[in-house]
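# The following block contains a protein sequence and its predicted model.
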Amino acid sequence: MLPFPASAHAAATRRSRRRTLAALALAGAATLLVGCTPVGTQSTTPDGASSPEASQLVALTDEVEAASADGDGSTSFAADALDVLGKLDVAPRDEWEEFDREGSFGEGWQDPDGNGCDARNDALAASMTDVDLNRDGCRVDTGVFVDPYSGDEIDFERGPDTSPLVQIDHVVALANAWRTGAKELSFVERVELSNDPMNLQATAGWVNDDKKSQDAANWLPPQESYHCTYVARQIVVKATYNLWVTQAEHDAMRDVLEGCA
């Protein structure tokens, strides 16, 4: 078995994130056409908060990526995450309406970092040790997975009966994203959101089934030590794609971050 080159994957992820942030920050005219304000502009929200600047968001993204790679060994990002949270719009979720998941967020997995492998297999490989890749160099056939959400350790083996034991969670669930601003994004932006490494986390199948599309006000990972990083990742995603938070969601995120060491 060959270990996955985690450092190379992390570097590629950071490059992908910066490309996404820069593209969104400079998307002024195109973004205005779909009725939302691009990241990087200092717009004032109805409650007086202002949108985070792109540089601030990039800095927080780097901090959260480092914490994720360390297994939540550091929570030094908490103050910055609280600052960005304070600049997100606070509004009720849109009334529930059915949406076409594939029609709204794209069909299948894409390759956001351009490494030739799809986002699902990148997320799996980045979360495992002792990874054995298929001869295509992308598909994860086996690996040892320790779930940051639950602490479960799973010996992963690809197959119809075993693959579902490890699933890919959208940290900000797509249904939640749709009801908090994503339906106002362009199709290209929604595909980016669905495949963004910051919004993808491998987790035990039972945990993913338990979460469904709940937000931070209604669901947090079973393993409390990951709450700080989990909430910060949601904030990064919501800020990057100009999604809003409900009041209950905002308060739950704030409470978690204020409790981070």
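On my side now, so go ahead.
# And the host helix or strand of Asn208, what does it pack against?
For Asn208, the host element (DSSP states H and E) is helix 205-211. Applying 3 or more CB pairs under 8 Å, 6 or more residues apart in numbering; DSSP states H and E, one finds that helix 205-211 contacts strand 166-170. In this view, the C-beta of every residue, glycine as well, is placed from N, C-alpha and C.
# quick one: average confidence on the strand it packs on?
This predicted structure assigns strand 166-170 an average pLDDT of 97.
# next one: stretch 103-110
94.
# among the helices and strands of this protein, which one scores worst on average pLDDT?
Counting by mean pLDDT, DSSP states H and E, the weakest-scoring helix or strand in the chain turns out to be helix 28-33, with a mean of 36.
# wait, doesn't Val131 sit right on Phe145?
No. At 9.5 Å, Val131 does not count as touching Phe145 under the criterion of CB atoms under 8 Å.
# Do you have the helices of this structure handy? List them.
For the chain, applying DSSP state H gives helices covering 6-25, 28-33, 54-69, 78-85, 101-105, 119-126, 174-179, 187-195, 205-211, 227-240, 247-258.
# buried ones in the third one?
Read it as helix 54-69. Within helix 54-69, the residues that count as buried by 16 or more other CB atoms under 10 Å are 54, 56-58, 60-61, 63-68.
# ditto for the fifth one
Neighbour-count burial for helix 101-105 flags 104-105 (criterion: 16+ other CB under 10 Å).
# Go ahead and name everything in contact with that helix.
For helix 101-105, contacts defined as CB atoms under 8 Å, 6 or more residues apart in numbering pick out 174, 178, 182-183, 187, 190-191, 193-194.
# run the last query once more with 7 Å
Helix 101-105 has contacts (CB atoms under 7 Å, 6 or more residues apart in numbering) with 174, 178, 190-191, 194.
# who wins for neighbours among those residues?
Neighbour counts for those, by other CB atoms under 10 Å, peak at Trp178, which reaches 25 neighbours.
# show me what contacts it?
Trp178 is in contact with 99, 104, counting by CB under 7 Å, 6+ apart.
# Of the contacts of helix 101-105, which is the nearest to His250?
Set against His250, the nearest of these by CB to CB is Trp178 (18.5 Å).
# From the centroid of the chain, which residue is nearest?
Geometric centre of the chain, nearest residue: Asn199, 1.6 Å, by CA atoms, centre = their mean.
# and that residue, how far is that from Tyr149?
According to CB to CB, to the nearest Å, Asn199 stands 14 Å off from Tyr149.
# now Ser55
Distance, Ser55 to Tyr149, by CB to CB: 30 Å.
# Val90 too?
In this view, Val90 and Tyr149 are 26 Å apart by CB to CB.
# who touches the residue nearest to the centre of the chain in this structure?
The neighbours of Asn199, taking CB under 7 Å, 6+ apart as the test, are 170-172, 193, 237.
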